[in-house]
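Have a look at this fold, sequence not included:
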(Lines give C-alpha, C1' and ligand atoms only; values in the text may rest on other atoms or scores of the structure.)
Protein backbone atom coordinates (compact mmCIF):
# COMPACT_ATOMS: atom_id res chain seq x y z
CA UNK A 1 0.00 0.00 0.00
CA UNK A 2 2.88 2.35 0.74
CA UNK A 3 4.28 1.60 -2.71
CA UNK A 4 0.95 2.47 -4.36
CA UNK A 5 0.76 5.74 -2.46
CA UNK A 6 4.35 6.64 -3.38
CA UNK A 7 3.62 5.94 -7.08
CA UNK A 8 0.58 8.25 -6.99
CA UNK A 9 2.65 11.00 -5.35
CA UNK A 10 5.40 10.60 -7.96
CA UNK A 11 2.89 10.78 -10.82
CA UNK A 12 1.12 13.72 -9.17
CA UNK A 13 4.45 15.56 -8.68
CA UNK A 14 5.40 14.92 -12.30
CA UNK A 15 2.04 16.25 -13.57
CA UNK A 16 2.32 19.34 -11.35
CA UNK A 17 5.87 19.97 -12.59
CA UNK A 18 4.76 19.69 -16.21
CA UNK A 19 1.87 22.11 -15.58
CA UNK A 20 4.26 24.59 -13.96
CA UNK A 21 6.73 24.39 -16.87
CA UNK A 22 3.86 24.65 -19.39
CA UNK A 23 2.53 27.74 -17.61
CA UNK A 24 5.93 29.45 -17.79
CA UNK A 25 6.26 28.63 -21.50
CA UNK A 26 2.72 29.91 -22.19
CA UNK A 27 3.36 33.20 -20.36
CA UNK A 28 6.63 33.62 -22.24
CA UNK A 29 4.84 33.03 -25.53
CA UNK A 30 2.27 35.70 -24.71
CA UNK A 31 4.80 38.39 -23.83
CA UNK A 32 7.62 37.81 -26.30
CA UNK A 33 7.32 39.66 -29.65
CA UNK A 34 6.41 37.59 -32.68
CA UNK A 35 7.36 38.23 -36.29
CA UNK A 36 4.19 39.41 -37.97
CA UNK A 37 5.66 39.97 -41.44
CA UNK A 38 7.09 37.82 -44.16
CA UNK A 39 10.70 38.18 -42.98
CA UNK A 40 11.74 40.61 -45.73
CA UNK A 41 14.17 43.23 -44.45
CA UNK A 42 13.52 46.40 -46.45
CA UNK A 43 16.38 48.88 -46.97
CA UNK A 44 16.35 52.52 -48.02
CA UNK A 45 18.56 52.74 -51.07
CA UNK A 46 18.20 56.43 -51.95
CA UNK A 47 21.35 57.74 -50.23
CA UNK A 48 23.45 54.86 -51.60
CA UNK A 49 22.09 55.61 -55.09
CA UNK A 50 23.00 59.30 -54.76
CA UNK A 51 26.52 58.38 -53.57
CA UNK A 52 26.99 55.86 -56.39
CA UNK A 53 25.87 58.44 -58.98
CA UNK A 54 28.57 60.82 -57.72
CA UNK A 55 31.32 58.18 -57.57
CA UNK A 56 30.74 55.99 -60.64
CA UNK A 57 32.45 56.63 -63.98
CA UNK A 58 29.21 55.66 -65.76
CA UNK A 59 25.58 56.79 -65.43
CA UNK A 60 24.24 54.80 -62.46
CA UNK A 61 20.57 53.97 -62.91
CA UNK A 62 17.96 53.75 -60.19
CA UNK A 63 14.20 53.25 -60.23
CA UNK A 64 11.72 56.10 -60.21
CA UNK A 65 8.00 55.61 -59.84
CA UNK A 66 7.97 51.97 -58.71
CA UNK A 67 4.94 51.02 -56.66
CA UNK A 68 5.33 50.49 -52.89
CA UNK A 69 4.98 46.71 -53.29
CA UNK A 70 8.48 46.65 -54.85
CA UNK A 71 10.59 46.27 -51.71
CA UNK A 72 14.31 47.02 -51.85
CA UNK A 73 16.28 44.43 -49.89
CA UNK A 74 19.93 45.00 -50.83
CA UNK A 75 22.05 47.83 -52.14
CA UNK A 76 25.77 48.11 -52.83
CA UNK A 77 28.28 50.15 -54.80
CA UNK A 78 31.81 48.73 -54.80
CA UNK A 79 34.83 47.81 -56.85
CA UNK A 80 35.28 44.15 -57.71
CA UNK A 81 38.56 42.22 -57.50
CA UNK A 82 39.57 43.43 -60.97
CA UNK A 83 38.92 47.09 -60.12
CA UNK A 84 35.64 47.39 -62.04
CA UNK A 85 32.88 49.53 -60.57
CA UNK A 86 29.75 47.59 -59.64
CA UNK A 87 26.27 48.87 -58.72
CA UNK A 88 23.67 46.47 -57.28
CA UNK A 89 20.12 47.10 -56.10
CA UNK A 90 17.94 44.09 -55.23
CA UNK A 91 14.17 43.89 -54.77
CA UNK A 92 11.39 41.55 -53.79
CA UNK A 93 8.78 42.04 -56.52
CA UNK A 94 5.00 42.34 -56.02
CA UNK A 95 4.69 38.60 -56.77
CA UNK A 96 7.37 37.70 -54.21
CA UNK A 97 10.15 37.03 -56.72
CA UNK A 98 13.67 38.45 -56.80
CA UNK A 99 14.74 41.19 -59.20
CA UNK A 100 17.90 43.28 -59.27
CA UNK A 101 19.57 46.09 -61.15
CA UNK A 102 23.21 45.26 -61.85
CA UNK A 103 25.60 47.66 -63.54
CA UNK A 104 29.31 47.34 -64.12
CA UNK A 105 32.02 48.78 -66.31
CA UNK A 106 33.58 45.32 -66.45
CA UNK A 107 33.75 43.20 -69.60
CA UNK A 108 30.19 42.70 -70.87
CA UNK A 109 30.20 38.91 -71.24
CA UNK A 110 31.74 38.42 -67.79
CA UNK A 111 29.15 40.72 -66.21
CA UNK A 112 26.28 38.90 -67.95
CA UNK A 113 27.55 35.47 -67.00
CA UNK A 114 28.03 36.43 -63.36
CA UNK A 115 24.74 38.21 -62.69
CA UNK A 116 22.48 35.88 -64.71
CA UNK A 117 24.28 32.73 -63.52
CA UNK A 118 25.31 31.72 -67.02
CA UNK A 119 22.02 32.44 -68.82
CA UNK A 120 21.97 32.30 -72.63
CA UNK A 121 20.54 34.79 -75.17
CA UNK A 122 16.75 34.51 -75.52
CA UNK A 123 15.77 37.15 -78.08
CA UNK A 124 15.05 40.84 -77.69
CA UNK A 125 12.51 43.00 -75.88
CA UNK A 126 11.41 46.59 -76.31
CA UNK A 127 11.13 48.50 -73.03
CA UNK A 128 9.92 52.10 -73.32
CA UNK A 129 11.07 52.16 -76.93
CA UNK A 130 14.58 50.92 -76.12
CA UNK A 131 15.96 47.57 -77.26
CA UNK A 132 17.05 45.16 -74.53
CA UNK A 133 18.46 41.67 -75.02
CA UNK A 134 16.77 38.87 -73.10
CA UNK A 135 18.75 36.14 -71.34
CA UNK A 136 17.30 32.93 -69.89
CA UNK A 137 18.99 30.53 -67.51
CA UNK A 138 18.02 27.62 -65.30
CA UNK A 139 17.34 29.91 -62.35
CA UNK A 140 17.68 33.54 -63.47
CA UNK A 141 16.60 35.47 -66.49
CA UNK A 142 17.59 38.99 -67.45
CA UNK A 143 17.23 42.00 -69.66
CA UNK A 144 20.42 43.79 -70.66
CA UNK A 145 21.66 46.75 -72.63
CA UNK A 146 24.73 48.90 -72.84
CA UNK A 147 24.41 52.28 -71.06
CA UNK A 148 27.44 54.38 -71.81
CA UNK A 149 30.53 52.50 -70.69
CA UNK A 150 28.52 50.20 -68.43
CA UNK A 151 26.57 47.03 -68.93
CA UNK A 152 23.14 47.28 -67.32
CA UNK A 153 21.35 44.06 -66.43
CA UNK A 154 17.92 43.73 -64.83
CA UNK A 155 17.93 40.16 -63.59
CA UNK A 156 16.37 37.72 -61.17
CA UNK A 157 13.78 34.99 -60.75
CA UNK A 158 10.99 37.43 -61.65
CA UNK A 159 9.09 37.10 -64.92
CA UNK A 160 10.17 39.03 -68.00
CA UNK A 161 7.13 41.29 -67.43
CA UNK A 162 8.28 42.24 -63.94
CA UNK A 163 11.86 42.68 -65.12
CA UNK A 164 10.59 44.95 -67.90
CA UNK A 165 8.62 46.97 -65.34
CA UNK A 166 11.80 47.47 -63.30
CA UNK A 167 13.82 48.32 -66.44
CA UNK A 168 11.15 50.82 -67.49
CA UNK A 169 11.53 52.66 -64.17
CA UNK A 170 15.30 53.20 -64.51
CA UNK A 171 16.45 56.81 -64.73
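Yep, that arrived. Note that the structure is a prediction, hence the values are computed from the model and not measured. Residues are numbered from 1 along each chain as shown.

Select the longest helix from this protein.
If you go by DSSP state H, the chain has its longest helix at helix 2-31.

What's the first helix or strand after that helix?
Next in sequence after helix 2-31, counting helices and strands by DSSP states H and E, comes helix 46-55.

who does that next one touch, helix- and strand-wise?
Judged by 3 or more C-beta pairs under 8 Å, 6 or more residues apart in numbering; DSSP states H and E, helix 46-55 is in contact with strand 71-79, strand 85-92. The way it works is simple: take the backbone N, C-alpha and C, and place the C-beta from them, glycine included.

Check what pLDDT the residue nearest to residue 45 when sequence neighbours are not counted gets.
The shortest distance from residue 45 to any non-neighbouring residue, by C-beta to C-beta, 6 or more residues apart in numbering, is to residue 75 (4.1 Å). Model confidence at residue 75, given as pLDDT, is 98.

What of residue 130?
95.

Please report how far it lies from residue 144.
Per C-beta to C-beta, to the nearest Å, residue 130 is found 11 Å from residue 144.

more neighbours, these two?
residue 144 (23 against 12; other C-beta atoms under 10 Å).

Can you point out the helix or strand that includes that one?
Here residue 144 is covered by strand 141-147, with elements defined by DSSP H and E.
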